[in-house]
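> predicted model, plus sequence, below.
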Amino acid sequence: MSENLVTRYQFLQDELKMHDQAYYDQASPLISDSEYDQLYRELLAIELAHPDWVQPDSVSQRVSGQVNQVFSPVEHGVAMLSLNNALHEDEVLAFDKRCKETLDIDLVEYACELKFDGLAISILYEKGQLTRAATRGDGAVGENVTDNIRTIHAIPKQLLGSKIPDRVEVRGEVFMRRFDFEELNKKQLLVQGKLFANPRNAAAGSLRQLDPAITAQRQLSFYAYGIGEFIPASWRPMSHDQLLDQLAQLGLPISADRCIAVGPTKVLEYFHSVAQRRKDLPFDIDGVVYKVNAYELQERLGYISRAPRFAIAHKFPPEQATTIVLSIEVQVGRTGAITPVARLVPVVVGGVTVTNATLHNEDEIVRKDIRVGDTVIVRRAGDVIPEILSHIIALRPINTAVFEMPTNCPICHSPIDRQVGEAIARCTGGLFCDAQRKQAIMHFAHRRAMNIDGLGEKIIEKLVDAKLVSTPVDLYRLTNSFSALVGLLYLNPSNSQKKDSIQDKKLIQNLLDAIEGSKKPQLGRFIFALGIRHVGETTAKDLARHFRSIHGVMDASENDLLQVRDIGPVVATSIVNYLAQAHQRELILQLLAAGVEPQVEEMSISTEAFFLGKTVVLTGTLPNLSRDDAKARLEALGAKVTGSVSAKTHYVIAGEEPGSKLEKAVELGVPILDEAALLKLLGS
C-alpha cells in the first residue's frame, strides 16, 4: 500500500467536502464544476482500486450538502439523490451499455430533459394543498423553506384538475432567469449590497433568506422534474414522460424542452441540439439528463449509494481558449487564504473577455507547471471563474522560471503559513492585514465570541472604511467618536436632512452600550474571539479551563499546550505561532488596557460527575432548553459536545425531529437520552 496514495485519498476526501460546503451550503463555489468533477473522478478511481478503503462518510457514499441549523430540519420520506455525471460521449455509451446488459434488452427508451443550474427542492402537497417545502440538504434531511417557496409565483399553492393524489412530494429546481439575475445585481449595486456571482448562487441565496419578504422580491422560477413519495400507489403512471404530463395537468410548471429518445444515437442527437441553442435559453443549464423512461425498468436497475443506476447527467464541456501568462501574483482573501492568480493577455472565452485566471494553490501550480511566459489553455467551466487547464510545452520560451510562493503576505508582510496536509497557504497577519481586517472584526464581535449585539457586517464595513476602527481595540474607543458616528451608521434616507435625529442617536448609544457590556466576557469566549487558527469554541473553553487566565495561555509553551484536553501538535503549533507575533500579543494587551476583563468561569466538576470526559451529541429541538443552553450546561460538567455521531460518542440527546443523527446512534448502539433524562442528570 502506497503511503502517498493514502495521503492523496484523504486529501481528496477533505478537499471535496470543503468544496461541497462552499457550493451547496454557502452558495459560493471555490472552484469550477469541471475541476470538482476531476477531483471526484480521481477519488472514485482510488476507491475502485481499493474498495476496502471506502467508509460510509466518504464523499462517494453520500449526497453533497448539509442542513443549515437556522432552518428547521425536514426528513425526506424518499432520499433526494445526486446523479452520476458523464463528461464524454463514450461515458454515455458505457451507461447505455450497462443498462442494456442489466435489463437484457437491445434498445432502451430514455426520457431526455435539461439539467437546470439551480437549487433542488422538494414540495409536499396533501389533498392538493402545498403544506411543506424543503431543500435537498444532505439527501436524507433538508431545510424547511416553506414560507419562502410560497412567495414564488410559478409554484401553485393548490393543485388543479380531477386526478389530484392524496399526497405527493413534487421535486424540481428553483432557479433564476438571466434577465432577473442581471436586474437583481443592478438593485444590489444601488443599495451597496452583495453582488451575486451567477444566477445559481443568486437563486440559492434568495431561497435561504430568513425573511420571506426578501425572497418575494427576488424573481425566482421553478420547473418540476419528478416526484418522491406519493399516495395512492396507483396514481403514478407507467413512465417518467407520462408523469411529467400528469404533473403539468396538476398546474405545475414543466419544461417543454424534453424528448423521448430510443437508443444512444438519438440521445446524443438531443444533447447536440440543446448545446447549439444553449446560449439562447433564458436560463442557465450545465447539461442534459437521461433517464430510463419506464418505471418498471428503473426499479430493475436500482440504485448505488448516492445515485440511481437508471439516470445520468451529460454535462457540457467547458469552453476553452489559448493565451499567454503575463505574470503570476498572489491575492489575499478575507480569511487570509493566499490564492495565486495568473494575469493574462486578454482573450475571449465563452463570450467573456478573460484577463485573469485562478491557479487555486501552490500544489496546483506545481502540478500544472505554470510559468510566466507560458502559452496556456484557459477555460470557463459553467461558472464565472476562469481557470488554466494546462500549458503548451512546445511554445514555452527559453529560461522560464518556476514560480515560487512568497513567504510573506504582499499586503501586510506577515509570514505566510501552510499547515502540513493542507492545500491552502494563509497570511498570519489577521487583524493587521487589510485584506482580513473586516472579517476578523466580525469574528471578534460574533455572538459566540464577544457577543456585541448590533455590530453587524454592514456597520463594521462602514467603521473600517471611515478609518474609525482598525482593530477590536478601536471599538472600545468609539465613545470618543459619538459625533462622527451620527449619520455614518443609521441615517435614514427619508430623514437625510436631519443627521442628528433622536432615533439615530439612540441606536448609536445602544451600540456603544453593547460594546461596553462586552468588556467582561468569559475567558473562553475571549480566546475564541481572537481568531487563532484551529481554535474553535470548544478548544477555547478547554484552554480557559486549563490555564485560568489569558496570561497563562500567552506564557504557555507548546509542551504546556499539549497537556490540554484534545489539543494535538497542529493546534498547539498554531497557538504558539500566533502568540509568537509581537503585534498579536500587543493586541491582547491593548484590549486588557482598554478595560476588557476576561472572566474565569467558576466550575466545580466532581470527578464522579456523570458527563465528565464523555462525548455527547445534541440533535433535534428540545422542549425547554435551547441548543446553546444544553451545550453550555453539558460542558460545565466536563462533557465534550460534538456535531456528529461516531463509535466514540457516549450519549446522544434527542429532541423533536432529530434526523439522521438519531438513526446513526441507533445503528451504532449509542445510548439515547431525552430532555427529561438530561435535566435529571444535569441536576445531579
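Cool, got the structure.
> pLDDT weak spots in the stretch 401-550 of the chain?
487, 490-501 (pLDDT under 70).
> do a quick rundown of the strands in it.
Applying DSSP state E, counting those that start in this stretch to the stretch 401-550 of the chain gives strands spanning 416-417, 425-427.
> the stretch 51-200 of the chain: strands as residue ranges?
Using DSSP E, counting those that start in this stretch, the strands of the stretch 51-200 of the chain run over 73-75, 85-86, 109-116, 119-126, 129-135, 141-143, 167-175.
> now these in TSV, with mean neighbour count, distance to residue 96 and mean pLDDT?
All C-beta spots, glycine's among them, are computed from the backbone N, C-alpha and C. Below are the strands of the stretch 51-200 of the chain laid out as TSV (neighbours: other Cβ atoms under 10 Å; distance: least, Cβ to Cβ, whole Å; pLDDT from 0 to 100):
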stretch	mean neighbour count	distance to residue 96	mean pLDDT
strand 73-75	21	35	88
strand 85-86	20	10	89
strand 109-116	23	8	96
strand 119-126	23	25	94
strand 129-135	20	32	93
strand 141-143	24	32	87
strand 167-175	22	24	94
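> save the ones you listed as JSON lines, and put in distance to residue 393 too.
JSON lines is the format used below for these (distance: least, Cβ to Cβ, whole Å):
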{"stretch": "strand 73-75", "distance to residue 393": "52"}
{"stretch": "strand 85-86", "distance to residue 393": "29"}
{"stretch": "strand 109-116", "distance to residue 393": "35"}
{"stretch": "strand 119-126", "distance to residue 393": "41"}
{"stretch": "strand 129-135", "distance to residue 393": "45"}
{"stretch": "strand 141-143", "distance to residue 393": "47"}
{"stretch": "strand 167-175", "distance to residue 393": "41"}
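> of all the ones you listed, which lies closest to residue 656?
Among the strands of the stretch 51-200 of the chain, the nearest to residue 656 by Cβ to Cβ is strand 73-75 (9.9 Å).
> paired strands for the closest one, with orientation please.
Sheet partners assigned to strand 73-75 using DSSP bridges are listed as strand 141-143 (antiparallel).
> wait, what's in contact with residue 144?
Residue 144 is in contact with 71, 72, 73, 74, 132, 133, 134, counting by Cβ atoms under 8 Å, 6 or more residues apart in numbering.
> with those in mind, which one is nearest to residue 329?
Proximity of those to residue 329 (Cβ to Cβ) peaks at residue 71, which lies at 39.6 Å.
> deepest-packed of the strands of the stretch 401-550 of the chain, please.
Of all the strands of the stretch 401-550 of the chain, strand 425-427 carries the top mean neighbour count, a mean of 24, counting by mean count of other Cβ atoms under 10 Å.
> counting by contacts, list what that one packs against.
When contacts are defined as 3 or more Cβ pairs under 8 Å, 6 or more residues apart in numbering; DSSP states H and E, strand 425-427 packs onto strand 337-349, strand 416-417.
> which residues touch the shortest one?
Counting by Cβ under 8 Å, 6+ apart, strand 416-417 makes contact with 338, 405, 406, 407, 408, 409, 425, 426, 427, 428, 533, 577, all of which sit outside it.
> also stretch 651-664?
Under the criterion Cβ under 8 Å, 6+ apart, residues 67, 72-75, 138, 140-141, 611, 614-623, 630, 644-645, 665, 670-675, 678 lie in contact with stretch 651-664.
> what about it, distance to the chain center?
In this view, stretch 651-664 has its centroid 23 Å away from the chain centroid, taken as Cα atoms, centre = their mean, to the nearest Å.
> just the buried positions in that stretch, please.
651, 652, 653, 654, 655, 658, 659, 660, 661, 662, 664 (16 or more other Cβ atoms under 10 Å).
> which ones among those residues map onto strands?
The strands, defined by DSSP state E, take in 651, 652, 653, 654 from the buried residues of stretch 651-664.
> any idea how far the first one lies from residue 115?
Read it as residue 651. 43 Å (Cβ to Cβ, to the nearest Å).
> one step back: of the strands of the stretch 401-550 of the chain, which is nearest residue 180?
Closest approach to residue 180 among the strands of the stretch 401-550 of the chain (Cβ to Cβ): strand 425-427, 36.9 Å.
> adjacent strands (with direction) for the closest one?
Checking strand 425-427 against DSSP bridges gives partners strand 337-349 (antiparallel), strand 416-417 (antiparallel).
> run the chain-centre distance for the last one.
What it means is strand 416-417. Taking Cα atoms, centre = their mean, the mean C-alpha location of strand 416-417 is offset from the chain mean by 24 Å.
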